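Student: With the sequence up front, the predicted model follows.
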Amino acid sequence: MKISFAKAALPTEGALVVGILENRVLTATARLVDEQTGGLIARALAASRFEGKKDQSLLLLTPAGLSVQRLLLVGLGKAEAVDALAAQAFGGNALAQLLSAGDQSVTVAADGIEGAPLGAAEMAANIAFGAKLRSYRFDKYRTKEKKEEKPSVKKLIVGLVDHAAAKRLFAPLEGIAEGVFLTRDLASEPANVIYPESLASQAKALADLGVDVEVLGEKQMRKLGMGALLGVGQGSERESQMVVMRWMGAADESVAPVAFVGKGVTFDSGGISIKPAGGMEDMKWDMAGSAVVIGLMKALALRKAKVNAVGVVGLVENMPSGTAQRPGDVVTTLSGQTVEVINTDAEGRLVLADALWYTQDRFKPQVMVDLATLTGAIIISLGDHYAGLFANDDDLAAKLQTAGKHAGELLWRMPLDDPYDKQIKSDIADMKNVGGREGGSITAAMFLKRFVKDTKWAHLDIAGVTWAKKDGAVTPKGATAFGVRLLDRLVAENYEQK
Ligand code: BES
Ligand code: MN
Ligand code: ZN
């Protein structure tokens with residue numbers, strides 16, 4: 001779908017989208033259309049229950065007096081609540097209704113709204129961003145899709161007077177959307193396609209954008225002493241990998257980087273502690289944390305963020321086999337601490353233990369944030385509306401929560417206090433990898449905490465928010481890429497030179 005910005009004018013083909021504010025208040029273009037059609041909108045509003053509330057919409061076919069095929073009225077809600085996220089939802093919801101309706105072109109009127117917290121250009125850029133995010137499809141394996149099931153929309157035109165300003169504002173957002181799409185693609189791919197080496201080569205492709213990419217294989221990781229990560233991968237035919245990505249966008253190379261670390265279990269069968277069959281296919285997206293880190297690096301590079309950022313992903317496949325790790329095995333981590341592996345299905349924390357230690361030791365980052373589909377327990381705690389946030393630093397936690405609100409990716413802070421640490425004491429090693437059913441997400445985070453020294457650090461448990469069971473305004477059902485927009489905002493709001 002090609003996106004462009006043009007001077008506002010009524011289009012002569014395709015579909016036209018206009019906004020209606022709460023209590024049936026028409027935006028400027030809606031008023032113009034209403035005049036040109038002899039009061040069509042007023043009559044339609046009177047005949048329907050559409051009131052212009054957020055997320056409401058009303059579709060009118062072949063409206064007399066206009067040469068477009070379709071006129072879509074979309075509710076904007078209250079003027080004072082039309083912020084960037086509302087504009088994105090407006091664009092996303094509008095596009096979703098028209099994407100496969102038959103029209104090739106969609107024009108959205110981005111009228112400035114009096115009393116709204118954002119101007120017309122910003123509104124237009126965010127409408128385009130929302131539409132782009134919602135246009136995502138993972139359809140490469142559908143060979144029999146009928147023509148009428150495929151999207152018909154080829155171009156999206158956002159209309160406003162100051163189209164040049166909107167275009168400028170959209171450029172970085174488009175970069176972020178590209179990062180989101182990469183993350184969604186990687187998480188959606190099945191595990192016979194995405195395994196540690198193929199995921200590493202996807203990361204390597206970022207070199208074209210100026211990202212420095214290094215890949216460590218098992219030999220190098222063994223030499224370094226990453227016994228925890230390697231133990232998880234030892235049952236798999238696939239070779240484990242660690243990828244280090246560096247985007248050095250700050251003017252000063254010596255500024256300590258911001259570090260992002262991702263869990264990349266390309267398939268989590270549970271290992272010898274094998275999972276039940278029902279739903280096991282979901283574990284193809286147990287590498288979502290790493291996919292977010294890769295997509296984020298792409299977004300930062302595309303929008304040329306003025307920040308030094310490091311992305312580290314630990315990539316393994318967790319499989320049962322004759323060479324697999326056994327319950328009761330003891331492994332020595334890169335940090336030197338030993339772990340008794342009680343349950344081979346609590347593998348993400350083992351991978352992150354080595355990845356976190358490696359990252360802080362080598363890069364001395366000013367802050368370090370990891371993302372992981374770490375626990376089923378976080379789904380029980382928070383459902384799919386919030387990701388779990390665990391942090392050893394209040395300031396970093398607050399920055400993340402604020403960025404999350406701005407990006408529409410919410411974080412709920414969970415405790416990370418010493419009493420929970422008792423649950424992971426082992427009889428024969430420094431710790432064990434499970435802490436029982438009580439507070440399962442917290443004891444997992446406490447485990448990670450043992451591998452963080454004095455670095456400011458936060459852990460995002462994204463198990464509940466990574467895969468959407470139904471469509472959202474800017475996220476079609478499937479892989480959400482939760483974390484890319486949030487961490488991009490975190491960087492933009494706090495760690496970028498102006
Ligand atoms: N990858 C899973 C967590 C998960 C579950 C992610 C469902 C997404 C959806 C993780 O490796 C796991 O298996 N965790 C176990 C830990 C337990 C054995 C202590 C869990 O949550 O059950
Ligand atoms: Mn597991
Ligand atoms: Zn897992």
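Tutor: Perfect, thanks for sending it. Numbers count the residues shown, from 1 in each chain. Ligands and ions are numbered 1, 2, ... in the order given.

Student: Just give me how far stretch 153-168 sits from the chain centre.
Tutor: The chain centroid and the centroid of stretch 153-168 are separated by 25 Å under C-alpha atoms, centre = their mean, to the nearest Å.

Student: Residues of the protein that sit close to ligand 2?
Tutor: Within the chain, the positions adjacent to ligand 2 are 268, 345, 347 by C-beta under 5 Å from the ion. C-beta: built from backbone N, CA, C; applies to glycine.

Student: For those, which single residue is the most surrounded?
Tutor: For the residues of the chain next to ligand 2, counting by other C-beta atoms under 10 Å, the largest number of neighbours falls to residue 347: 29 neighbours.

Student: Looking at the stretch 101-250 of the chain, which residue is nearest ligand 1?
Tutor: residue 232 (9.6 Å; C-beta to the nearest ligand atom).

Student: Could you check how many residues crowd around that residue?
Tutor: By other C-beta under 10 Å, 29 other residues sit near residue 232.

Student: wait, it sits on residue 315?
Tutor: No: checked against C-beta atoms under 8 Å, the pair residue 232 and residue 315 is beyond contact range at 10.3 Å.

Student: any idea whether residue 298 is helix, strand or coil?
Tutor: Put simply, residue 298 is helix when judged by DSSP: H, G, I helix; E, B strand; the rest coil.

Student: what residues are up against it?
Tutor: Taking C-beta atoms under 8 Å, 6 or more residues apart in numbering, we find residue 298 in contact with 175, 178-179, 182, 206, 209, 211.

Student: Quick one: those as CSV, columns for secondary structure too.
Tutor: Converted to CSV, the contacts of residue 298 look like this (three-state DSSP):
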residue, secondary structure
175, helix
178, helix
179, helix
182, helix
206, helix
209, helix
211, coil
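
Student: Narrow those residues to just the buried residues.
Tutor: In the contacts of residue 298, burial by neighbour count holds for 175, 178-179, 182, 206, 211, counting by 16 or more other C-beta atoms under 10 Å.

Student: between those, which is closest to ligand 3?
Tutor: residue 182 (21.3 Å; C-beta to the ion).

Student: Could you report the pLDDT at the closest one?
Tutor: pLDDT for residue 182: 99.

Student: shouldn't it be in contact with residue 293?
Tutor: No: counting by C-beta under 8 Å, residue 293 is not a contact partner of residue 182; they are 10.9 Å apart.

Student: Out of the residues of the chain next to ligand 2, just show me the ones up against ligand 3, please.
Tutor: Restricting those to those within reach of ligand 3 (C-beta under 5 Å from the ion) leaves residue 268.

Student: Just the ones of the residues of the chain next to ligand 2 in strands?
Tutor: residue 268 (DSSP state E).

Student: In TSV: the residues of the chain next to ligand 2, plus pLDDT.
Tutor: Shown next, in TSV, are the residues of the chain next to ligand 2 (pLDDT from 0 to 100):
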residue	pLDDT
268	99
345	98
347	99
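
Student: Can you sort out which of the residues of the chain next to ligand 2 also neighbour ligand 1?
Tutor: Near ligand 1, judged by C-beta under 6 Å from any ligand atom, the entries from the residues of the chain next to ligand 2 are 268, 345, 347.

Student: Closest one to residue 438 out of those, please.
Tutor: residue 345 (17.4 Å; C-beta to C-beta).

Student: how near is that closest one to residue 82?
Tutor: As judged by C-beta to C-beta, to the nearest Å, residue 345 and residue 82 stand 46 Å apart.

Student: same question, residue 245
Tutor: In terms of C-beta to C-beta, residue 245 sits 37 Å off from residue 82.

Student: Next, the contact list for whichever residue of the chain sits closest to ligand 2, please.
Tutor: Going by C-beta to the ion, ligand 2 is nearest to residue 345 of the chain, at 3.9 Å. Taking C-beta under 8 Å, 6+ apart, we find residue 345 in contact with 268, 270-271, 273-275, 318.

Student: buried subset of these?
Tutor: The neighbour-count test (16+ other C-beta under 10 Å) applied to the contacts of residue 345 identifies 268, 270-271, 273, 275, 318 as buried.

Student: between those, which is nearest ligand 1?
Tutor: In terms of C-beta to the nearest ligand atom, no member of the buried ones among the contacts of residue 345 lies closer to ligand 1 than residue 268, at 4.6 Å.

Student: Going by residue numbers, what spans are helices in the stretch 101-250 of the chain?
Tutor: Counting by DSSP state H, counting those that start in this stretch, the stretch 101-250 of the chain has helices at residues 120-134, 163-188, 196-204, 218-224, 227-233.

Student: Need the pLDDT of the residue of the stretch 301-450 of the chain found nearest ligand 3.
Tutor: Residue of the stretch 301-450 of the chain nearest ligand 3, by C-beta to the ion: residue 348 (4.4 Å). The pLDDT attached to residue 348 in the predicted structure is 99.

Student: you'd agree it is up against residue 371?
Tutor: No: in this structure residue 348 lies outside contact range of residue 371 using C-beta under 8 Å: 10.5 Å.

Student: What residue in the stretch 151-300 of the chain comes nearest to ligand 3?
Tutor: As assessed by C-beta to the ion, ligand 3 sits closest to residue 268 within the stretch 151-300 of the chain, at 3.7 Å.
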